[in-house]
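K.L.:
coordinates only, sequence not included:
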């Protein structure tokens with residue numbers, strides 16, 4: 001059972017990562033229409049992306065680890081590992097953060113939002 005889930009993750013992990021990157025880039029673009037402080041999406045490599053906060057020093061870093069597969073993330077408020085959860089047929093692929101499944105859309109929205117917050121930011125109002 002564990003080996004089957006690992007095999008499924010290895011098969012669907014790369015497409016889940018690509019989907020997450022596209023959603024992060026799209027969310028940055030969408031927010032740039034609303035806020036001049038919207039972060040920039042920067043692909044440092046195929047497996048490493050960065051959301052660069054503007055003017056407030058709040059950034060998000062994500063690294064895809066192919067061998068596991070998982071995503072290591074660091075945001076202004078937290079850091080950790082996102083595991084991949086996939087149905088055997090690949091019809092549903094989610095990420096799991098702290099034991100809770102989250103969709104790529106929700107992750108993108110929340111990570112971009114964290115770069116826009118000023119509370120707790122370097123030079124921001126606490």
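P.N.:
Sure thing, it's come through. Since the structure is predicted, the reported quantities are computational estimates derived from the model, not experimental observations. Numbering: from 1, shown residues only.
K.L.:
OK, contacts around residue 14?
P.N.:
Residue 14 is in contact with 66, 69, counting by Cβ atoms under 8 Å, 6 or more residues apart in numbering. The C-beta positions use only the backbone N, C-alpha and C, and glycine is treated the same way.
K.L.:
Is it in a helix, a strand, or coil?
P.N.:
The assignment at residue 14 comes out as helix when based on DSSP: H, G, I helix; E, B strand; the rest coil.
K.L.:
and what of the one 10 residues further on?
P.N.:
Under three-state DSSP, the three-state class of residue 24 is helix.
K.L.:
Tell me how many other residues surround it.
P.N.:
Other residues near residue 24 come to 24 when the count uses other Cβ atoms under 10 Å.
K.L.:
Quickly note the distance from it to residue 45.
P.N.:
Distance check for residue 24 against residue 45: by Cβ to Cβ, to the nearest Å, it reads 15 Å.
K.L.:
How about residue 29?
P.N.:
According to Cβ to Cβ, residue 29 stands 20 Å off from residue 45.
K.L.:
Those two: which is more packed in?
P.N.:
Set residue 29 next to residue 45 and count neighbours by other Cβ under 10 Å: residue 29 wins out with 13 against 8.
K.L.:
now the residue nearest to that one when sequence neighbours are not counted, which residues is it bridged with?
P.N.:
Of all residues not flanking residue 29 in the chain, residue 41 sits nearest, at 7.6 Å (Cβ to Cβ, 6 or more residues apart in numbering). With DSSP bridges applied, residue 41 shows beta-bridge pairing to residue 51.
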